[in-house]
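> Got a predicted structure here, sequence first:
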Amino acid sequence: MTLRLGARSWLVAAGLCGAAGVALAAAAAHAPLSDPALLERAAEFMLIHAPALSACAWLADRRGGTLPHLSGLAFLAGLVLFSGTLALRGWGVGVPAGPAPAGGFALIAGWLLLAGSAFPRRS
């Protein structure tokens with residue numbers, strides 16, 4: 001059975017986020033960092049949201065509609081902004097404070113959109 005293209009994209013994103021989470025966790029444990037706790041938190045969020053992106057893939061394939069895709073986009077944007085900011089700060093790179101809270105709001109939106117995918121679509 002072949003997944004639809006959109007669903008396949010979310011599954012690829014899930015795999016990449018999971019791999020990035022493991023890599024960040026390993027770096028937090030072994031690399032010389034200015035703040036390993038920030039890298040650990042970035043890894044944690046990547047690993048928590050990888051299965052959520054898998055759920056977006058499943059819903060996009062089985063149920064269709066725009067909500068699973070919007071949820072996946074919100075998750076990805078949130079991870080880039082939130083985890084990306086934390087990871088850069090963990091490596092000692094100066095990053096403005098604004099992207100992390102914006103990423104947090106995007107992650108919340110992703111979860112709400114995913115929850116909305118549970119309801120029947122209107123025809």
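That came in fine, so what should we check first? Numbering: from 1, shown residues only.

> Tell me the backbone dihedrals of Pro120, please.
Main-chain torsions, Pro120, degrees, to the nearest 10: phi -60, psi 140.

> What ranges in this protein fall below the confidence cut-off?
Scanning the chain for pLDDT under 70 picks out 1-3, 5, 122-123.

> residue ranges for the helices of it, please.
Using DSSP state H, the helices of the chain run over 5-30, 36-62, 67-78, 84-90, 99-116.

> could I get these as JSON lines with mean neighbour count?
To be clear about C-beta, it is placed using only N, CA and C from the backbone, and glycine gets the same treatment. As requested, those are exported to JSON lines (neighbours: other Cβ atoms under 10 Å):
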{"stretch": "helix 5-30", "mean neighbour count": "17"}
{"stretch": "helix 36-62", "mean neighbour count": "20"}
{"stretch": "helix 67-78", "mean neighbour count": "22"}
{"stretch": "helix 84-90", "mean neighbour count": "21"}
{"stretch": "helix 99-116", "mean neighbour count": "17"}
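
> need the contact list for Leu39.
Leu24, Ala25, Ala27, Ala28, Ala31, Leu33, Leu86, Ala87, Gly90, Trp91 (Cβ atoms under 8 Å, 6 or more residues apart in numbering).

> is it true that the first one touches Ala43?
Right, the one you point to is Leu24. Yes. At 3.6 Å, Leu24 and Ala43 qualify as touching, with contact defined as Cβ atoms under 8 Å.

> So for the two, which residues contact both of them?
Counting by Cβ under 8 Å, 6+ apart, the residues touching both Leu24 and Ala43 are Ser83.

> how near is the residue lying closest to Ala100 once chain neighbours are set aside to Val93?
Using Cβ to Cβ, 6 or more residues apart in numbering and skipping the chain neighbours, the partner closest in space to Ala100 is Thr85 (4.2 Å). Thr85 sits 9 Å away from Val93, going by Cβ to Cβ, to the nearest Å.

> residues contacting the residue lying closest to Leu88 once chain neighbours are set aside?
Nearest non-adjacent residue to Leu88, counting by Cβ to Cβ, 6+ apart: Val95, 4.8 Å away. Val95 makes contact with Thr85, Leu88, Arg89 under the criterion Cβ under 8 Å, 6+ apart.
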